[in-house]
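Q: What follows is a protein structure lacking sequence information:
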């Protein structure tokens, strides 16, 4: 078995583990009376690159393509960045575990309305973090506390990404 095979098996193991537990997490959320919207699990290379741009960079990119690709320009401009409101915010990271299908975002709903309250996600995040090697976005540092409370991931063994 070559080094590439070993890396693939570590990634595949994490993906399968994530998939099993992600399903259990949704079941727990449903059992607590919430409806659940699966927001993002996989993320392609292009999306990851665009998410990593600052607001100013995204607006510049949109301006470059708007003449020939107006819908693409609109989509690029409409991303919701996180930041200081001065154009420095980014929406994500190039190396996100979403790219490896080892992370997912789940949005809780009650009576047809999305729930963004950190406290609603807390018991699910605590359960998720109790699983060996699993990471909850509600524990991320920087920015607003709990800002990524809808993010749940399972990095491959030895991987320091969240």
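A: Arrived safely, thanks for sending. The model shown is predicted, which means the values in this text are computed figures rather than measured ones.
Q: Provide the secondary structure category for residue 149.
A: Here residue 149 is recorded as coil under DSSP: H, G, I helix; E, B strand; the rest coil.
Q: quick one: buried residues of the longest strand along the chain?
A: When the chain is parsed with DSSP state E, its longest strand is strand 103-110. Buried residues in strand 103-110, defined by neighbour count with 16 or more other Cβ atoms under 10 Å: 103-108. Where C-beta positions appear, they are placed from N, C-alpha and C, glycine not excepted.
Q: Check which element follows it along the chain.
A: Next in sequence after strand 103-110, counting helices and strands by DSSP states H and E, comes strand 113-115.
Q: re the thing from before, make TSV from the buried residues of strand 103-110 and add pLDDT and distance to residue 15 to it.
A: As requested, the buried residues of strand 103-110 are arranged in TSV below (pLDDT from 0 to 100; distance: Cβ to Cβ, whole Å):
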residue	pLDDT	distance to residue 15
103	94	10
104	95	11
105	93	16
106	96	17
107	95	22
108	97	24
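Q: where in this protein is pLDDT low?
A: Low-confidence segments of the chain (pLDDT under 70): 1-8, 79-92, 142-146, 162.
Q: So which residues of it form strands?
A: Secondary structure of the chain (DSSP E): strands located at 35-40, 103-110, 113-115, 135-136, 151-153.
Q: How much space separates the residue lying closest to residue 152 once chain neighbours are set aside from residue 63?
A: If the residues on either side of it in the chain are set aside, residue 152 comes closest to residue 128, at 5.3 Å by Cβ to Cβ, 6 or more residues apart in numbering. As for residue 128, its distance to residue 63 is 40 Å (criterion: Cβ to Cβ, to the nearest Å).
Q: Those two - which one has more neighbours?
A: Taking other Cβ atoms under 10 Å, residue 128 and residue 63 do not tie; residue 128 has more neighbours (24 against 12).
Q: Quick one: residues contacting the more buried one.
A: Going by Cβ atoms under 8 Å, 6 or more residues apart in numbering, residue 128 touches 21, 25, 134-136, 152.
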